[in-house]
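> Next input, structure requested:
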Amino acid sequence: MSFQNPVFIPGPTNIPDSIRKACDMPTLDHRSPAFARLFRPAVEGVRRVLKMAEGEVVLIPSTGTGGWESAISNTLSPGDTVLAARFGMFSHRWIDLCQRHGLNVRVIDSPWGEGAPLAAIEAALRADAEGTIKAVLATHNETATGVKSDIAGIRRALDAAGHPAMLFVDGVSSIASMPFDFADWGVDIAVAGSQKGFMLPAGLAIIGISPKAIAATKTARLPRTFFDFGDMLTSYAGGGYPYTPAVGLIAGLAHAIDLLEAEGLDNVHARHTRLAEGVRRAVLAWGMTPFAASPDLYSDTVTAVRVPPGCNGTELVQLAAAKYGVAFGVGLGEVAGKVFRIGHLGMLTEAMVLSGLAVAEMCMADLGWPVKLGSGVAAAQEFYRGSVPALALAAE
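A predicted model of the protein is given here:
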């Protein structure tokens, strides 16, 4: 694999040079005022990216999986009931994590390629007259299938059912790349990871917590130590940590937010939509389709490409890495071999996407797939030519 080539996996993403330099810093006493000056802008920046009106942000040295675990361990007790839809590998993994913690998970299974089933979720909530469901788990962007779900719709389902359950959202592959509105959607815990839209190395679980979720920590009895929100927030009040923080990553996070806000969050979201649409047009030009069941479900951070009959997506990914030094994502779980995934999030431009599409086409031709070289690239080029903002061109 060549470090000169961009990656096209849905995380970790490409890291801007200025963020790498921001992470590269001398040792800093994490109990000093200097750390507090570094730390607070990162926390406040996350609050703005999530669109939080109230609540708290915690930054845990971990990954998105640690964020999932912290969400449940701080707010729930053994035997509590949670409601979750399973429609891909990452929604499945969160369910599995809950079951390992002794929670009672009511699972709504949906076909892979679909999003969160709003009607079924609302029906389950309405049927829970005694209010035994303590939380609804929602995967905003199912990275395995390239499917986004309607989190605002889940909040409407909760409200329509008059149900008091908390709403926990896995936004690991959506936050900082796709629109996310913590306050307006009534989210209680949102989980992100440093290695996706924030364009950092892996190593931080980035978590937004509502006042309702903070209140739930007072009675929750699942064990936690490293992930304890109470310990974190007590230390935060003094500008510190209950243990050694990932100082370099926090410095990088503050700079990453500077970059996102300099571009403008609306522009960041629009760029991801534009890049994703170019990829989707290329896929259609290849005679293939995204795995997502319908266009309203298309993710703007990753496209899972359904491969032709008799073809194996994993072989394409392996060939791209071995022959051309370029990384794509393999299919996971039920879609292993049936798709390959093109990540298009984080530090990415139209020119970079076109290079990835060209490599994918070469691999298809090498493998004897029914594709015409240049067809997908041309379709994406035609779209990008008419959609790149003039302001972006002038800025350079």
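> And Gly252, how far from Ala42?
Gly252 sits 9 Å away from Ala42, taking CB to CB, to the nearest Å as the criterion. All C-beta spots, glycine's among them, are computed from the backbone N, C-alpha and C.
> Pick out whichever of these two has more residues nearby.
Comparing Gly252 with Ala42 by other CB atoms under 10 Å, the one with more neighbours is Gly252, at 29 against 22.
> Could I get the average pLDDT for the strand or helix carrying that one?
Element membership of Gly252 [criterion: DSSP states H and E] is helix 247-263. Mean per-residue pLDDT for helix 247-263: 98.
> Just the CA atoms of it, as CSV, please.
Listed next in CSV are the C-alpha coordinates belonging to helix 247-263 (Å, rounded to 0.1, in the frame of the first residue of the first chain):
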residue,chain,number,x,y,z
VAL,A,247,-3.3,15.4,24.4
GLY,A,248,-2.1,15.4,20.8
LEU,A,249,-5.4,14.2,19.4
ILE,A,250,-7.3,16.9,21.4
ALA,A,251,-5.0,19.5,19.9
GLY,A,252,-5.7,18.0,16.5
LEU,A,253,-9.5,18.0,17.2
ALA,A,254,-9.5,21.7,18.0
HIS,A,255,-7.7,22.4,14.7
ALA,A,256,-10.0,20.1,12.8
ILE,A,257,-13.0,22.1,14.0
ASP,A,258,-11.2,25.3,12.9
LEU,A,259,-10.9,23.8,9.4
LEU,A,260,-14.5,22.6,9.3
GLU,A,261,-15.8,26.0,10.5
ALA,A,262,-13.6,27.9,8.1
GLU,A,263,-15.1,25.9,5.2
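> Number the chain from 47, please
Will do, 47 is the new start, and the previous item becomes helix 293-309.
> Could you name the helices and strands sitting against that helix?
Judged by 3 or more CB pairs under 8 Å, 6 or more residues apart in numbering; DSSP states H and E, helix 293-309 is in contact with helix 63-69, helix 79-96, strand 102-107, strand 250-255.
> And it, what's buried?
By 16 or more other CB atoms under 10 Å, the buried positions in helix 293-309 come out as 293-303, 305-306.
> quick one: the longest helix seen in the chain to chain centroid distance?
Looking across the chain with DSSP state H, the single longest helix is helix 311-331. Distance, stretch centre to chain centre, for helix 311-331: 16 Å (CA atoms, centre = their mean, to the nearest Å).
> What is the subsequent helix or strand relative to that helix?
strand 335-336.
> Quick check: which helices or strands does that next one pack against?
Counting contacts by 3+ CB pairs under 8 Å, 6+ apart, strand 335-336 is packed against helix 311-331, strand 348-352.
> Highest mean neighbour count out of the ones you listed?
Burial of those is given as mean neighbour count (mean count of other CB atoms under 10 Å); strand 348-352 ranks first at a mean of 28.
> what's in contact with the helix or strand just after that one?
With elements assigned by DSSP H and E, the helix or strand that comes after strand 348-352 is helix 359-365. Under the contact criterion CB atoms under 8 Å, 6 or more residues apart in numbering, helix 359-365 has outside partners 351, 353, 373-377, 382-386, 406, 409-410, 412-413, 415.
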